[in-house]
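Enquirer: generate coordinates for the sequence data below:
(2 chains)
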Amino acid sequence: SQQGEEDPQALSIQEGENATMNCSYKTSINNLQWYRQNSGRGLVHLILIRSNEREKHSGRLRVTLDTSKKSSSLLITASRAADTASYFCATDMYSGGGADGLTFGKGTHLIIQP
Amino acid sequence: NAGVTQTPKFQVLKTGQSMTLQCAQDMNHEYMSWYRQDPGMGLRLIHYSVGAGITDQGEVPNGYNVSRSTTEDFPLRLLSAAPSQTSVYFCASSQDRGLITEAFFGQGTRLTVV
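Expert: Numbers count the residues shown, from 1 in each chain, chains lettered A, B, ... in the order given. Here you go, the predicted model:
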């Protein structure tokens, strides 16, 4: 079953504005990752935040993590047309002997209007 | 750098046919995995491998087989294709099973079963 759920499902903003998307998850995690997927392409890793971190920055990206609320947010500042893509949060999943894989949410589809 | 390479990019199968989706990585990663992506469902883990000779089932393994004879290759076999297996398939690799590092994804194989 899917762990992460992104919100909103779709977001349309003007170029230059900031875009914020949220992710909620159900069980305890070791880390949370955000990925971007351009239409028809594979996923590209954006940023990883560990469970003992609260905030992380990478260029125009800012990720926060609130383990008490089991939620994370991804902020993209000064958006560009090239940021148009789907964004997924992913958490590690375990079944006893170590990590089995990543569990993904359904994604937020971001459209940047020129 | 090639990264993760998947072939073919597109495939149409008839119900009952079998085929193998190929995945190769050149980063010497121990951990490899297969996901399927369906509209509105995000990515779901099919099978994964933590090293040559070791494979295990993910969330949705039925109808698929995998093997890992080398570190580089992780093929996914559809034994008897069904329309429910129409999907986009992604192969991913990462440095270790702990998944504390990013996952690298291939470009995907779009499979249609008629």
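Enquirer: where does the chain dip in pLDDT?
Expert: Just going to use chain A. A:1-3, A:93-99 (pLDDT under 70).
Enquirer: nope, chain B
Expert: For chain B, the ranges with pLDDT under 70 are B:1, B:97-100.
Enquirer: helices of that one, residue ranges please.
Expert: Counting by DSSP state H, chain B has no helices to list.
Enquirer: for chain A, which residues are neighbours of chain B?
Expert: Residues of chain A lying near chain B by Cβ under 8 Å from any Cβ of the partner chain: A:1-2, A:4, A:30-31, A:33, A:35, A:40-45, A:48, A:50, A:88, A:90, A:92-93, A:98-107. For the C-beta atoms, the positions are set from N, CA and C on the backbone; glycine is no exception.
Enquirer: mind listing what's buried along the top strand by length along chain A?
Expert: Counting by DSSP state E, the longest strand found in chain A is strand A:85-94. Within strand A:85-94, the residues that count as buried by 16 or more other Cβ atoms under 10 Å in any protein chain shown are A:85-93.
Enquirer: what of stretch A:104-114?
Expert: For stretch A:104-114, by 16+ other Cβ under 10 Å, it's A:104-110, A:112.
Enquirer: now those as CSV including secondary structure?
Expert: Putting the buried residues of stretch A:104-114 into CSV (DSSP: H, G, I helix; E, B strand; the rest coil) gives the following:
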residue, secondary structure
A:104, strand
A:105, coil
A:106, coil
A:107, coil
A:108, strand
A:109, strand
A:110, strand
A:112, strand
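Enquirer: picking that back up, out of the residues of chain A next to chain B, which end up buried?
Expert: Of those, these count as buried by 16+ other Cβ under 10 Å: A:2, A:4, A:31, A:33, A:35, A:42-43, A:45, A:48, A:88, A:90, A:92-93, A:99-107.
Enquirer: residues contacting the closest residue to residue A:38 other than its chain neighbours?
Expert: The shortest distance from residue A:38 to any non-neighbouring residue, by Cβ to Cβ, 6 or more residues apart in numbering or on different chains, is to residue A:85 (4.8 Å). Applying Cβ atoms under 8 Å, 6 or more residues apart in numbering or on different chains, we find residue A:85 in contact with A:36-39, A:109-110.
Enquirer: what do you get for residue B:113?
Expert: Residue B:113 neighbours (Cβ under 8 Å, 6+ apart): B:12-15, B:81-86.
Enquirer: now do the phi/psi pair for the residue nearest to it when sequence neighbours are not counted.
Expert: Nearest non-adjacent residue to residue B:113, counting by Cβ to Cβ, 6+ apart: residue B:81, 4.5 Å away. Torsion angles at residue B:81 (phi, psi; degrees, to the nearest 10) stand at phi -60, psi 140.
Enquirer: returning to that earlier point: now the contacts of residue B:113 in TSV, with distance to residue A:15?
Expert: TSV is the format used below for the contacts of residue B:113 (distance: Cβ to Cβ, whole Å):
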residue	distance to residue A:15
B:12	38
B:13	42
B:14	46
B:15	46
B:81	43
B:82	44
B:83	41
B:84	40
B:85	39
B:86	36
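Enquirer: sorry, back to before: pick the one among the buried residues of strand A:85-94 closest to chain B.
Expert: residue A:92 (4.9 Å; Cβ to the nearest Cβ).
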